[in-house]
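> curious how this folds, go ahead:
(one chain, ligands or ions: 1)
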Amino acid sequence: MFDPVCLKHDTGDHPESAQRLIGLMEHLKGSGLLAEMCPLPPEAATLRDLARVHSPAMIDRVRNLAESGGGYIDLDTVVSADSYEAAARAAGGTISATRAVLTGAVTMAFVFVRPPGHHATRERSMGFCLFNNVAVAAAWALEQGGVSRVAIVDYDVHHGNGTQDIVGGDARVLYISTHQYPYYPGTGHWRETGVGEGEGTCINVPLPPNTGDKGFAQIYERIVVPALERFGPELILISSGFDGHWADPLAWMLLSVEGYRRVASLLQYAAQRLCAGRAVFVLEGGYHLQALAHSVAGTVSELLGRPYQDPLGPAREPEVDVQGIIRRVARFHRLDE
Ligand SMILES: [Zn+2]
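Numbering: from 1, shown residues only. Alright, predicted model coming up:
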């Protein structure tokens, strides 16, 4: 699912630029991967779709700012004249892909849209994100898509504070995040487990800088996949950010394209076993243009069962050991029993 309207979200000189999407789509085309995928129809999220997860004031703020020609929501988060339309398409495209997976039109989908979404809370756009694309799709799936249990797995290097804010009180949604910590936006401690009826349905795996491929594979094998198995989702949405790549300028993790392929493979395996393969990968961050394009292509080729030649290779620094945090989180959520 690619929507060219998303390119109209004009951030100027900013790491989250249209060039990210242009570059990765060109690379998918050039590598022959795009031809192996089935294009899905773009759509705009309606006001009703957005209002399932955002307050009317928050939606109005983005729309009014865009209508007045644009401006800043905060130091990081820009709105241009066409940003409301682009953000509504980013959220709507995520719904379109979710619908296609739930109706069986496709088994799995990858959503190539921007602005990203996982920092947008119920009340506030922030951190490059205007509307929370994944949360909008989860709410749509629960109300219109005929499912009653949705899992969201977030491997963007930043914690998805917005997603946690929106779904943290909802027992129908499992949210699992692996992220650098402490780091922007400051949330995502392992003690944050959801609130009220959603208590226990947020699993946070805060990670030190220099966590790499091996650490991520262990975390997905020992925490993420067992948590998915216990929850039993009917749909898995994946906040798929690639800013954990070793070359990324915005964080200090050591994932390589191979590491992202391994994570994708474990998620695909879990989706096949638990929910007939129904998984939707949704682009979040990733700010090194080449690393982003190769990480996306590596992930897509893994899902298609193809090999991938990664010219960037593995990180040159040694990765840290994350056995301690794995044990702590597994014990805390009783995933080690
Ligand atoms: Zn990020």
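
> what about N132, how many neighbours?
31 (other Cβ atoms under 10 Å). From N, CA and C alone the C-beta is placed, and that goes for glycine too.

> for D310, same thing?
17.

> tell me the pLDDT of the closest residue to it other than its chain neighbours.
Excluding its sequence neighbours, the residue lying closest to D310 (Cβ to Cβ, 6 or more residues apart in numbering) is V257, at 3.9 Å. Predicted confidence (pLDDT) for V257: 98.

> any idea how far V257 is from the ion?
From V257 over to the ion the distance is 17 Å, taken as Cβ to the ion, to the nearest Å.

> which residues touch that residue?
245, 291, 294-295, 298, 308, 310, 312 (Cβ atoms under 8 Å, 6 or more residues apart in numbering).

> what's the span of stretch 11-26 from first residue to last?
Start and end residues of stretch 11-26 are separated by 20 Å (Cα to Cα, to the nearest Å).

> pretty sure S148 contacts A171?
No: S148 lies out of contact with A171 (Cβ atoms under 8 Å); the separation is 10.2 Å.

> please see if the helix or strand where A293 lies touches the ion.
Using DSSP states H and E, A293 maps to helix 289-303. No: Helix 289-303 does not reach the ion (Cβ under 5 Å from the ion); its nearest approach is 11.2 Å.

> what mean pLDDT would you report for that helix?
Helix 289-303 comes out at a mean pLDDT of 98.

> start the count at 460, not 1, going forward
In the new numbering, first residue 460, that becomes helix 748-762.

> enumerate the residues of the stretch 660-796 of the chain near the ion.
So far as Cβ under 5 Å from the ion goes, the stretch 660-796 of the chain lies against the ion at 700, 702, 744.

> picking up where we left off before, neighbour count winner among S607 and A630?
A630 (14 against 11).

> next one: phi and psi at the more buried one?
The phi and psi values for A630, taken as degrees, to the nearest 10, are phi -70, psi -10.

> circling back: can you name every helix or strand that the following helix or strand past the helix holding A752 contacts?
With elements assigned by DSSP H and E, the helix or strand that comes after helix 748-762 is helix 782-791. With contacts taken as 3 or more Cβ pairs under 8 Å, 6 or more residues apart in numbering; DSSP states H and E, helix 782-791 sits against strand 661-666, helix 672-678.

> give the contact list for the residue in the chain positioned nearest to the ion.
Closest to the ion within the chain is G744: 2.9 Å, counting by Cβ to the ion. When contacts are counted by Cβ under 8 Å, 6+ apart, G744 touches 475, 575, 587, 615-617, 700-702, 709.

> could you redo the last one with a cut-off of 10 Å?
The contact partners of G744, by Cβ atoms under 10 Å, 6 or more residues apart in numbering, come to 474-475, 479, 573, 575, 577-578, 586-588, 615-617, 698-703, 707, 709-710, 751.

> which of those residues fall in strands?
Residues of the contacts of G744 located in strands (DSSP state E): 698-699.

> what values do phi and psi take at F740?
According to degrees, to the nearest 10, F740 has phi -90, psi 130.

> okay, the nearest residue to F587 once chain neighbours are set aside: pLDDT?
Nearest non-adjacent residue to F587, counting by Cβ to Cβ, 6+ apart: E475, 4.2 Å away. E475 carries a pLDDT value of 98.

> could you do K673 as well?
98.

> am I right that it is in contact with G718?
Yes: between K673 and G718 there is a contact at 8.1 Å, judged by Cβ atoms under 10 Å.

> overlap of the contact sets of those two?
Joint contacts of K673 and G718 (Cβ under 10 Å, 6+ apart) are E778.

> the two: which has the busier surroundings?
G718 (27 against 15).

> look up how far C661 lies from the more buried one.
Taking Cβ to Cβ, to the nearest Å as the measure, G718 falls 24 Å from C661.

> kindly report the same for D672.
From D672 to C661 the distance is 25 Å (Cβ to Cβ).

> about what we covered before: to R775, which of the helices and strands packed on helix 782-791 lies closest?
helix 672-678 (12.9 Å; Cβ to Cβ).

> dump the helix or strand just after the closest one to CSV, restricted to CA.
With elements assigned by DSSP H and E, the helix or strand that comes after helix 672-678 is helix 684-690. Provided in CSV are the C-alpha atoms of helix 684-690 (Å, rounded to 0.1, in the frame of the first residue of the first chain):
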residue,chain,number,x,y,z
VAL,A,684,6.5,-14.4,20.2
PRO,A,685,5.5,-16.0,23.5
ALA,A,686,3.5,-12.9,24.4
LEU,A,687,1.7,-13.1,21.1
GLU,A,688,1.0,-16.8,21.6
ARG,A,689,-0.5,-16.2,25.0
PHE,A,690,-2.6,-13.3,23.8
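
> show me what helix 684-690 is in contact with.
Residues contacting helix 684-690 (Cβ under 10 Å, 6+ apart): 608-610, 612, 631-633, 635, 659-660, 662, 664, 678-679, 695, 725-726, 728-730, 732-734, 788-789, 792-796.

> buried ones in that helix?
If you call a residue buried by 16 or more other Cβ atoms under 10 Å, then helix 684-690 has these buried ones: 684-687, 690.
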